[in-house]
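J.: coords below, sequence missing:
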């Protein structure tokens with residue numbers, strides 16, 4: 001193997017990469033190329049890669065679930081060093097894997113859980129051990145009745161398909177069983193006979209045969225696993241018994257007991273989770289952070305069945321990691337966003353390419369915690385908070401990566417690429433992970449104006465009198481403060497309610513129907529002004545935050561002083577707003593006055609047949625440059 005020395009079956013000793021392996025200057029500074037196999041032929045999703053000591057011999061192995069060609073050659077592979085030691089065939093496409101301890105029996109060896117379809121396959125001692133099936137979901141009574149009528153010959157195949165289509169529009173596709181979804185996907189007029197009327201009444205021969213075979217069977221509705229995580233059961237130790245946390249397509253989260261393989265906790269979410277992380281102990285206190293497909297991150301905690309905190313994002317979630325109780329989310333709009341566990345935003349980073357995978361980097365011997373981000377331009381970036389520390393480039397975009405101990409090396413990064421390559425990078429022991437951060441902090445402190453030491457004023461007569469007054473009249477001052485604070489809160493709540501009812505907010509929190517029904521719309525409107533004048537460009541962004549309903553046939557209108565401004569075009573047509581996607585529009589605003597005035601331009605979003613604005617936005621225009629320049 002070029003660029004590395006292999007000792008035994010599991011020990012990889014890396015030296016400085018040669019010119020053929022060194023793809024960038026940054027890689028030579030932080031990483032050593034230990035192993036490169038671009039033709040490994042792997043097809044691995046994020047979440048299907050683990051590094052674990054499977055035999056309790058302090059020799060860590062690489063565990064991955066290979067999807068093959070999505071139909072064949074799906075295998076669970078275990079690498080020891082640079083060679084495959086064990087392969088197990090999988091029946092379905094794997095979606096996630098995790099390792100956990102089931103009991104305290106000696107020797108302490110972890111089990112491997114592979115999520116595939118509606119099942120969780122557990123491997124112990126690298127052999128199949130147990131198969132856990134997710135609980136079936138409730139079948140819609142109307143759907144069950146339609147299939148019973150078809151079994152009794154009261155409905156033809158074509159009539160059954162028509163009734164199921166109506167049920168699909170009412171309840172949505174996830175609420176239907178796979179049997180109904182398969183019937184809906186069939187062509188009712190395929191292989192039509194000359195008697196067209198009979199085909200329209202009974203459906204195609206394929207549909208009739210399918211209904212005849214399955215109509216009498218029991219109707220079941222299953223869900224599938226989307227993501228996995230683990231949490232400690234009783235003790236927060238590395239080799240303690242762990243519970244498996246399962247995210248499903250039915251927008252549910254299950255906590256699985258590893259000893260009895262029973263569900264001990266269940267949570268319901270507004271949307272299916274696509275990324276999952278948990279920490280803490282199930283017996284005392286824990287947190288479950290779920291990134292869902294509706295563009296939101298939900299935080300769950302022990303002792304409640306409801307969502308504790310909700311984080312709204314500007315774009316759907318790609319990946320999610322938690323570092324030092326800080327939630328870092330990679331979004332589809334090429335951004336990294338960091339939030340506290342209480343949903344407070346802390347920083348934001350705009351990337352130059354789309355995110356493909358993310359991994360938390362915990363280097364305990366150096367007390368360093370960082371973030372590794374894989375991009376679609378084949379680059380892997382290393383961040384410390386929001387600061388870029390280093391990067392290196394591979395031959396293909398990464399699809400999955402894992403940082404941890406591999407073999408006997410403590411800091412190893414394993415990467416699987418889109419073209420099926422397997423790459424191993426080792427962090428240099430003398431890598432300076434804090435140098436750039438310290439230099440930037442020192443430079444920022446040196447550029448601060450004024451004296452370096454804060455000078456405090458002396459305690460004057462007014463200060464002493466005020467301190468005496470606060471001590472003697474503390475109760476009166478506190479009562480007055482509470483009264484003013486309550487009045488301020490009431491005024492804010494009243495103004496907020498008036499703005500929500502009048503549609504004069506940049507975010508619409510929903511509209512109530514005439515029957516007093518539940519809110520159905522949740523639309524966000526954002527605007528930015530670009531340019532120096534007299535021609536400005538007004539960029540608008542409209543986002544439908546409702547995760548279940550789309551909006552159609554809407555218009556964007558403008559209200560402004562026509563003696564001062566001219567907007568082109570005067571209105572915009574919005575044909576459809578799909579949930580979770582930001583739609584961008586732009587108009588030209590031309591200032592026709594040289595008097596130095598600047599006013600606001602009101603932007604309204606309304607429906608075609610409704611005079612009331614759904615949401616509005618007031619954009620404050622800047623002074624035109626022609627007024628400032630001579």
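T.: Yep, that arrived. What you see is a predicted model; the values in this text were computed from it and never measured.
J.: okay, CA-based contacts and neighbour counts for the rest of this
T.: Will do.
J.: surely residue 407 touches residue 80?
T.: Yes: with contact defined as Cα atoms under 8 Å, residue 407 reaches residue 80; the gap is 7.4 Å.
J.: the residue nearest to residue 59 when sequence neighbours are not counted: neighbouring residues, count only.
T.: Residue nearest to residue 59 in three dimensions, not counting chain neighbours: residue 407, with 4.9 Å by Cα to Cα, 6 or more residues apart in numbering. Residues contacting residue 407 under the criterion other Cα atoms under 10 Å number 24.
J.: how near is residue 407 to residue 38?
T.: Going from residue 407 to residue 38 by Cα to Cα, to the nearest Å gives 21 Å.
J.: now the residue of the chain positioned farthest from its centre. Its backbone dihedrals?
T.: Distance to the chain centre peaks in the chain at residue 461, reaching 57.7 Å (criterion: Cα atoms, centre = their mean). Main-chain dihedrals, residue 461, degrees, to the nearest 10: phi -60, psi -40.
J.: low-confidence regions, the stretch 451-600 of the chain specifically.
T.: 451-456, 500-520 (pLDDT under 70).
J.: what segments of it are strands?
T.: Here the stretch 451-600 of the chain has its strands, by DSSP state E, counting those that start in this stretch, at 507-508, 523-530, 535-544, 551-559, 565-568, 571-577, 582-591, 600-607.
J.: and the helix or strand containing residue 32, which residues are buried?
T.: Remark: residue 32 resides in strand 31-37, with elements defined by DSSP states H and E. Judged by neighbour count (16 or more other Cα atoms under 10 Å), strand 31-37 contains these buried residues: 31-36.
J.: what's the answer for stretch 81-94, then?
T.: 81-82, 90, 92-94.
J.: what comes up buried for the host helix or strand of residue 161?
T.: Residue 161 is part of helix 157-171 when elements are defined by DSSP H and E. The neighbour-count criterion (16+ other Cα under 10 Å) identifies 157-161, 164-165, 167-168 as the buried residues of helix 157-171.
J.: with mean neighbour count added, can I get the strands of the stretch 451-600 of the chain in a markdown table?
T.: Shown next, in a markdown table, are the strands of the stretch 451-600 of the chain (neighbours: other Cα atoms under 10 Å):
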| stretch | mean neighbour count |
| --- | --- |
| strand 507-508 | 22 |
| strand 523-530 | 18 |
| strand 535-544 | 19 |
| strand 551-559 | 16 |
| strand 565-568 | 17 |
| strand 571-577 | 15 |
| strand 582-591 | 17 |
| strand 600-607 | 20 |
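J.: that older thread, restricted to strands, list the buried residues of stretch 81-94.
T.: Members of these lying in strands (criterion: DSSP state E): residue 94.
J.: can you tell me which of the buried residues of stretch 81-94 is nearest residue 47?
T.: residue 94 (9.8 Å; Cα to Cα).
J.: I'd like the distance between the closest one and residue 387.
T.: 35 Å.
J.: out of everything not next to it in sequence, what's closest to the residue sitting nearest the centre point of the chain?
T.: Centroid-nearest residue in the chain, with Cα atoms, centre = their mean: residue 317, separated by 2.5 Å. Closest residue to residue 317 apart from its sequence neighbours, by Cα to Cα, 6+ apart: residue 331 at 4.7 Å.
J.: count of neighbours near that neighbour?
T.: Using other Cα under 10 Å, residue 331 has 21 other residues around it.
J.: same check on residue 136?
T.: Per other Cα under 10 Å, the neighbour tally for residue 136 reads 11.
J.: tell me the contacts of it?
T.: For residue 136, the contact set (Cα atoms under 8 Å, 6 or more residues apart in numbering) comprises 220-223.
J.: need phi/psi at it.
T.: Per degrees, to the nearest 10, the backbone of residue 136 is at phi -70, psi 150.
J.: separation between it and residue 553?
T.: According to Cα to Cα, residue 136 and residue 553 sit 39 Å apart.
J.: do the same with residue 293
T.: As judged by Cα to Cα, residue 293 and residue 553 stand 25 Å apart.
J.: how far does stretch 364-379 sit from the chain's center?
T.: Centre-to-centre, stretch 364-379 and its host chain are 18 Å apart (Cα atoms, centre = their mean, to the nearest Å).
J.: ok, now stretch 463-471?
T.: Centroid displacement of stretch 463-471 relative to its chain, using Cα atoms, centre = their mean, is 53 Å.
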